[in-house]
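>>> Next one to model:
(chains A and B)
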There are 2 protein chains.
Amino acid sequence: MKVTVIGLGPGGGADLTGRARAALEACDLIVGYTAYIDLVRADFPQKETLSTGMRREVDRCRAAVEAARTGRDVAVVCSGDSGVYGMAGLIYEVAQEYDPIEIEVVPGITAACGGAAVLGAPLTHDFAVVSLSDLLTPWEKIEKRLTAAAQADFVLCLYNPASRSRPDYLRRACDILLSAGKDPATVCGTVRNIGRAGEEAALLTLGELRDTKVDMFTTVFVGNSQTKVIGGKMVTPRGYLQRGE
Amino acid sequence: MKVTVIGLGPGGGADLTGRARAALEACDLIVGYTAYIDLVRADFPQKETLSTGMRREVDRCRAAVEAARTGRDVAVVCSGDSGVYGMAGLIYEVAQEYDPIEIEVVPGITAACGGAAVLGAPLTHDFAVVSLSDLLTPWEKIEKRLTAAAQADFVLCLYNPASRSRPDYLRRACDILLSAGKDPATVCGTVRNIGRAGEEAALLTLGELRDTKVDMFTTVFVGNSQTKVIGGKMVTPRGYLQRGE
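Modelled structure (predicted):
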């Protein structure tokens, strides 16, 4: 009767909100990408699950909507938030092809917030989130957004900074940011496996980031002109102390 | 001995993550802005609390750090996320003035994600988060960021879109976006009191948003060129269906 699109947070488990946990407990069927089903199975071992592989997003959403139409309460799970590059949008698009069903979106901690908490406080001022994956977005559009974000001094959070088929995309992105005028000394950070076993974080400069290899499990943060390192953490001041309160 | 900066999510309660709830249970003292202390007091009635009024952010962080230095475990609570315009950055800055203490940041659902879930799925593609408050940021910088975000076709999420002393800032922001080339028909949304009693949402065009009054409890979303209304919800397609899978 209903599809609930649920953000699990970066690592599932302790990152789940009470609302997400209640929705998972109440559902009849959990649908998701194999790796995310694995994240919830430990906490909900008795639930029926339906997992599909990478790049089968449309099939997955159709299966969820069709199961809901047979009278079941279906949870579609996403890593991080359900909306930020998540399945919520596609569920609405796919559901249009059928008679109306009820759809609810339950937010989760997205990698921008989860990763920022590991690094310190890089997002205390205006920021932009950009995915470097050009599977669904023309590279020219990504390049334009990176340039605009750099010129307007946004803090940047980069999702999907690399993959096996895109090993050099982070370097390309850093070169665009440097060409747009960002200082090579800009404070940057990387976080891998946020909230999961093997979580690791590093602080480095934009110049160093350009020559750093990252993988698809990594989220990258590029500071604004005010971002600094305090006690080994990446901090973007909001300006309270500068106001001289 | 320790300060934990905790994001409560937009409404506290069901939006709390398991990690945030455990940190609140473990602490000796909860410090925060009066309204946020009220959000947690119902769930943790036995905890000692210390609340300070609006614009007392530096005092609040100093009080938290000083209490931690006396051997207490202190939780500093923020609405939404602890990092996104939250207290995490200021805690790191203030703590520098003292001998080192342990600081941990626990993320929460920020209004961008919480509000997006109410509206549908506006953040399924690259987005920028901008605060319209010029208390701590020169208006010229805000204007530059709005223009850059519009020209690069980011979805925009606007925090602090108005207040009693800034009643016309949303109109000013809309005029900047329109001047930067955004279509007046761009799909927009507003959400007020996300996750709290009296939650209300509206969809409208950018042209209509310009003439809409909002208050400080409202978060505003401005779509990109692809954002559309599906079944009364605001949806930014990622491009899966367009790929023709």
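>>> what about A:G189, how many neighbours?
Neighbour count of A:G189, defined by other Cβ atoms under 10 Å in any protein chain shown: 25. C-beta here means a position set from N, CA and C on the backbone, and glycine is covered the same way.
>>> So it lies in a strand, does it not?
Yes. Applying DSSP: H, G, I helix; E, B strand; the rest coil, one finds A:G189 inside a strand.
>>> What's opposite it in the beta bridge?
A:L203, A:F221 (DSSP bridges).
>>> Who are the contact partners of it?
A:115, A:119-120, A:122, A:201-204, A:220-221, A:223, A:234 (Cβ atoms under 8 Å, 6 or more residues apart in numbering or on different chains).
>>> Any of those residues buried? List them.
A:115, A:119-120, A:122, A:201, A:203-204, A:220-221, A:223, A:234 (16 or more other Cβ atoms under 10 Å in any protein chain shown).
>>> just these now: which is nearest chain B?
For the buried ones among the contacts of A:G189, the minimum distance to chain B (Cβ to the nearest Cβ) is 6.0 Å, reached by A:G120.
>>> Surely the closest one touches B:L90?
No. Between A:G120 and B:L90 there is no contact under Cβ atoms under 8 Å: 11.7 Å.
>>> Find residues that contact each of those two.
Shared contacts of A:G120 and B:L90, defined by Cβ under 8 Å, 6+ apart, are absent.
>>> ok, so of the contacts of A:G189, who is nearest B:I176?
The shortest approach to B:I176 among those belongs to A:G223, at 24.7 Å (Cβ to Cβ).
>>> so that closest one sits right up against A:V187, yeah?
Yes. If you go by Cβ under 8 Å, A:G223 and A:V187 touch, sitting 4.2 Å apart.
>>> any shared contact partners between these two?
A:M234.
>>> Would you state the strands of chain A in chain order?
For chain A, the strands defined by DSSP state E occupy A:2-7, A:29-33, A:48-52, A:73-78, A:102-106, A:120-121, A:127-131, A:155-159, A:187-192, A:200-205, A:218-222, A:228-230, A:233-235.
>>> same for the fourth one, what does it pack against?
Strand A:73-78 is packed against strand A:2-7, helix A:18-26, strand A:29-33, helix A:34-41, helix A:57-69, with contacts defined by 3 or more Cβ pairs under 8 Å, 6 or more residues apart in numbering or on different chains; DSSP states H and E.
>>> so which of the ones you listed comes closest to A:S133?
helix A:57-69 (12.6 Å).
>>> near chain B at all, the lowest-mean-pLDDT helix or strand in chain A?
Sorting the helices and strands of chain A by mean pLDDT, DSSP states H and E puts helix A:34-41 at the bottom, at a mean of 88. No. Judged by Cβ under 8 Å from any Cβ of the partner chain, helix A:34-41 makes no contact with chain B; its nearest approach is 13.0 Å.
>>> Pull out the buried residues from that helix.
Buried residues in helix A:34-41, counting neighbours by 16+ other Cβ under 10 Å, are found at A:36-37, A:39-40.
>>> counting contacts, what elements does that helix pack onto?
strand A:29-33, strand A:48-52, strand A:73-78.
>>> CA-only coordinates of that helix in PDB, if you can.
What follows is helix A:34-41, C-alpha atoms only, in PDB (Å, rounded to 0.1, in the frame of the first residue of the first chain):
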ATOM      1  CA  THR A  34      22.900  -5.300  -2.100                       C
ATOM      2  CA  ALA A  35      25.500  -3.500   0.000                       C
ATOM      3  CA  TYR A  36      22.800  -1.400   1.800                       C
ATOM      4  CA  ILE A  37      20.600  -4.500   2.400                       C
ATOM      5  CA  ASP A  38      23.600  -5.900   4.200                       C
ATOM      6  CA  LEU A  39      23.800  -2.800   6.400                       C
ATOM      7  CA  VAL A  40      20.300  -3.300   7.700                       C
ATOM      8  CA  ARG A  41      20.000  -7.100   7.800                       C
END
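>>> hmm, back to that, most packed of the helices and strands packed on strand A:73-78?
Mean neighbours per residue, mean count of other Cβ atoms under 10 Å in any protein chain shown, is largest over the helices and strands packed on strand A:73-78 for strand A:2-7, with a mean of 28.
>>> Next, the angle strand A:29-33 makes with that one.
Angle between the axes of strand A:2-7 and strand A:29-33 is 40 degrees (criterion: axes from the mean of the first three to the mean of the last three Cα atoms, to 10 degrees).
>>> Direction included, what does strand A:2-7 pair up with?
In the sheet, strand A:2-7 lines up with strand A:73-78 (parallel), strand A:102-106 (parallel) (DSSP bridges).
>>> what comes into contact with the longest one?
Read that as strand A:73-78. By Cβ under 8 Å, 6+ apart, the residues outside strand A:73-78 that reach it are A:1-8, A:23-24, A:26-32, A:36-37, A:39-40, A:60-61, A:64-65, A:67-68, A:82, A:86-88, A:91, A:108.
>>> That's all I had, so thanks and see you.
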